[in-house]
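>>> Okay, here's the prediction I keep looking at, along with the sequence it came from:
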Amino acid sequence: MPGQLATPSHTGYAVRTTTLPSAAGRPIPPDVLDRLRSIVGGDHVLVTDGDVEPFARDATPLFRARPGCVVLPATTGEVSAILRMATEHGIPVTPRGAGSNLAAATIPEHGGIVLVLTRMTALKEISGDELLAVVEAGVTTAELADACAAKGLLYAPDPGSRTVSTVAGNVAMCAGGLRGLKYGVTRNYVLGLEAVLPTGEVIRTGGRLWKDVAGYDLTRLLTGSEGTLAVITEVTVALLPMPAVARTGVAYFDSLADASRAVAGVIHDGIVPATLEFLDNRCINAVEDFAKLGLDRQAGALLLFGDDGTAEAVERSLSLMASTCERIGARGVTMARDIAESDALLTARRCSLPALARLAPITMLEDATVPRPRLAEMVDRIDAIAVRHNVVCATFGHAGDGNLHPTIVFDPDDGDARHRAEAAFSDVFDAAIELGGTITGEHGVGAAKRPYLERRLGADQMALLRRLKAAFDPAGILNPGKLGS
Ligand SMILES: Cc1cc2nc3c(=O)[nH]c(=O)nc-3n(C[C@H](O)[C@H](O)[C@H](O)COP(=O)(O)OP(=O)(O)OC[C@H]3O[C@@H](n4cnc5c(N)ncnc54)[C@H](O)[C@@H]3O)c2cc1C
């Protein structure tokens, strides 16, 4: 595709961008801009090239489309007025939090308004008695988790992007993270939502109750809807008591397939740990170059294992996992001695993506997921696919969830490198589906994985998605081109 331009993304690693052939960039009519300014104030409507450029892209490489304008509302009432007007005028609206998604889900392919929720930052309530918190859309995941931790409470979803990603962005993508195996993902913690329909009505789904089966479960439907059905303005989440102790260990293996077998062994032994993450040799070396954590550069793979709970339960679970890893053939097992060492190990996993992004101008990360027992097979398939397409591929991921992040790095000036990377990922998705898995475990579909969605869902489900979309958004203005559009 034409129009490539190298830029540093706001998430800190280099991306190259491609202009999508679409209505993107078409100017917003002056009377509409006047209405928007009267709703949110002139300072919160951005129209100049310099101001809107950062919103033409997100953390996904290779995608770019200029919005007509960017609007930053501060209240639910403002969101409602904007959406009502957009529906009246048929103007596309792309909701956006921090723009940290990796699926091109906030690329305004059809131009129009990018609606940024980051001014809605009220942490309204944290209740230890009810074990819940209520936040506005733009509160970051880390702000919520840290505020809960200060009160001895755990907000369990833990995406690697937690310091920047917003809670509503997590809900809209149903973000996962490093604690998925034991604690689940964002959807398991969303009790209720306040959301604005594209036609302007404000709805409240769910609420403060753990049990509530009145009507269709719209909370669950909006969770993971990628900004295509409604704009989320407030989120009520479930909390847990903070575990007394958390500890981490690391086991090194000759190959990622061996590490995958250790994952199966751990689960077979009846342990469901908080953390089971792995990195292949290329990731280990990229992370070591980047963060200098003292990892074993010669190992084919490392498996991070960790658990939380009472001191005795954690001790038991970690020593069981260590002996399972040794039994499966680990070349070395080390336990973190204290919180600082545990944090350093988790850093190794969290910085995998930025570390790999230093290897080449483009870093394409994917999100194929398979049933856990098929993990070793999937890892072998990915290796074979990389060789077949002659691409440099590193793999890391949430091993305990069967959620792999094969990551291809390349220089776009290197002939048909991009084409080879895309062909390799197409084969990776086919392999995942063949093994009973999916094209995305947590990063979402967006524009990036739209071509593969029907392979996963089939034609009948795709048609149902479109009918659901039309019921919520009759004018088709909300994040058009994504999911059910
Ligand atoms: C370094 C790094 C590590 C990451 N690690 C993980 C990880 O471990 N697990 C994981 O799942 N993801 C991860 N991600 C991806 C990303 O952070 C998540 O998808 C996150 O949930 C996006 O939140 P955001 O606020 O940036 O949303 P955005 O990127 O701004 O938006 C994402 C989607 O949500 C929609 N949206 C945003 N706000 C609203 C709203 N208020 N109402 C309706 N729709 C809305 C948008 O239209 C878009 O479709 C990572 C990303 C990076 C860069």
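Here it is on my side, so go on.
>>> and the helix or strand encompassing residue 70, is it in reach of the ligand?
Here residue 70 is covered by strand 69-71, with elements defined by DSSP states H and E. No. Figure legend: strand 69-71 not in contact with the ligand (C-beta under 6 Å from any ligand atom); closest approach 12.2 Å. To be clear about C-beta, it is placed using only N, CA and C from the backbone, and glycine gets the same treatment.
>>> and that strand, what other elements does it pack with?
helix 30-40, strand 45-46, helix 49-52, strand 113-116 (3 or more C-beta pairs under 8 Å, 6 or more residues apart in numbering; DSSP states H and E).
>>> what pLDDT, on average, does that strand get?
Strand 69-71 carries an average pLDDT of 98.
>>> For that strand, list every residue counted as buried.
Across strand 69-71, burial judged by 16 or more other C-beta atoms under 10 Å covers 69-71.
>>> Kindly report the same for stretch 316-333.
For stretch 316-333, using 16+ other C-beta under 10 Å, the buried residues are 317-318, 320-322, 324-325, 328, 330-331, 333.
>>> Next, format those residues as a markdown table and append distance to the ligand, secondary structure and pLDDT.
Output for those, formatted as a markdown table (distance: C-beta to the nearest ligand atom, whole Å; DSSP: H, G, I helix; E, B strand; the rest coil; pLDDT from 0 to 100):
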| residue | distance to the ligand | secondary structure | pLDDT |
| --- | --- | --- | --- |
| 317 | 22 | helix | 95 |
| 318 | 22 | helix | 95 |
| 320 | 26 | helix | 95 |
| 321 | 21 | helix | 96 |
| 322 | 25 | helix | 96 |
| 324 | 25 | helix | 95 |
| 325 | 23 | helix | 96 |
| 328 | 25 | helix | 93 |
| 330 | 25 | coil | 96 |
| 331 | 27 | coil | 95 |
| 333 | 25 | strand | 96 |
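>>> just curious, which of these is nearest to residue 108?
Closest approach to residue 108 among those (C-beta to C-beta): residue 321, at 45.3 Å.
>>> Leaving out sequence neighbours, find the closest residue to that closest one.
residue 305 (4.5 Å; C-beta to C-beta, 6 or more residues apart in numbering).
>>> got the phi/psi numbers for the one you found?
In terms of degrees, to the nearest 10, the main-chain angles of residue 305 are phi -130, psi 140.
>>> Kindly report the same for residue 146.
phi -70, psi -40.
>>> what's the burial count for it?
13 (other C-beta atoms under 10 Å).
>>> How about residue 468?
Residue 468, neighbours per other C-beta under 10 Å, totals 16.
>>> Ok, residue 42 next?
10.
>>> tell me the pLDDT at it?
97.
>>> Quick check: the gap between it and the ligand.
23 Å (C-beta to the nearest ligand atom, to the nearest Å).
>>> what do you get for residue 473?
12 Å.
>>> Now do the phi/psi pair for that residue.
According to degrees, to the nearest 10, residue 473 has phi -140, psi 70.
>>> same check, this time on residue 463
Residue 463 has phi and psi values of phi -60, psi -40 when expressed as degrees, to the nearest 10.
>>> try residue 282
Main-chain dihedrals, residue 282, degrees, to the nearest 10: phi -60, psi -40.
>>> Flag every buried residue along stretch 43-61.
Going by neighbour count (16+ other C-beta under 10 Å), the buried part of stretch 43-61 is 44-47, 52, 55-61.
>>> Tell me who's in contact with residue 202.
The neighbours of residue 202, taking C-beta atoms under 8 Å, 6 or more residues apart in numbering as the test, are 76, 80, 194-196, 233.
>>> Which one (most neighbours) among these?
residue 195 (28 neighbours).
>>> Give the helix, strand or coil label for that residue.
Put simply, residue 195 is strand when judged by DSSP: H, G, I helix; E, B strand; the rest coil.
>>> With the one 10 residues further on instead?
Using three-state DSSP as the criterion, the local structure at residue 205 reads strand.
>>> what's near enough to touch it?
192-193, 195, 218-219, 222.
>>> so where do the strands sit in the stretch 151-300 of the chain?
For the stretch 151-300 of the chain, applying DSSP state E, counting those that start in this stretch gives strands covering 153-154, 190-196, 202-206, 231-238, 240-241, 245-253, 275-280.
>>> Quick check: which of those strands is buried the most?
Highest mean neighbour count of the strands of the stretch 151-300 of the chain: strand 275-280, a mean of 29 (counted as mean count of other C-beta atoms under 10 Å).
>>> other SSEs contacting that one?
Against strand 275-280 (3+ C-beta pairs under 8 Å, 6+ apart) you get helix 256-268, strand 301-309, helix 339-350, strand 392-398.
>>> what does the stretch 151-300 of the chain put close to the ligand?
159-161, 165-166, 168-170, 172-173, 175-177, 226-227, 231-232.
>>> Got the domain ranges for this protein?
Domain segmentation of the chain under automatic domain parsing yields 5-116, 123-241, 245-339, 355-434.
>>> rank those domains by pLDDT, which is bottom?
domain 5-116 (a mean of 85).
>>> In TSV: the buried residues of stretch 43-61, plus distance to the ligand.
Formatted as TSV, the buried residues of stretch 43-61 follow (distance: C-beta to the nearest ligand atom, whole Å):
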residue	distance to the ligand
44	16
45	18
46	16
47	20
52	15
55	10
56	13
57	11
58	5
59	4
60	9
61	11
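>>> Any figure for the gap between residue 431 and the ligand?
Residue 431 sits 21 Å away from the ligand, taking C-beta to the nearest ligand atom as the criterion.
>>> Quick one: neighbours of that residue, just the number.
20.
>>> Next, it: phi, psi?
Backbone geometry at residue 431, expressed as degrees, to the nearest 10, gives phi -60, psi -40.
>>> Now name the helix or strand holding the closest residue in space to it that isn't next to it in sequence.
By the measure of C-beta to C-beta, 6+ apart, the closest residue to residue 431 outside its immediate chain neighbours is residue 381, 4.4 Å from it. Taking DSSP H and E as the criterion, the element that holds residue 381 is helix 375-389.
>>> Over to residue 355?
Per DSSP H and E, residue 355 falls inside helix 352-356.
>>> Give me the buried positions along the next helix or strand after that helix.
Sequence-wise, the next helix or strand downstream of helix 352-356 (DSSP H and E) is strand 362-365. By 16+ other C-beta under 10 Å, the buried positions in strand 362-365 come out as 362-365.
>>> can you pull the buried residues of stretch 253-273?
Here stretch 253-273 shows 253, 255-267, 271, 273 as buried, counting by 16+ other C-beta under 10 Å.
>>> ah, wrong one, I meant stretch 124-138
Using 16+ other C-beta under 10 Å as the test for burial, stretch 124-138 gives 126, 130-138.
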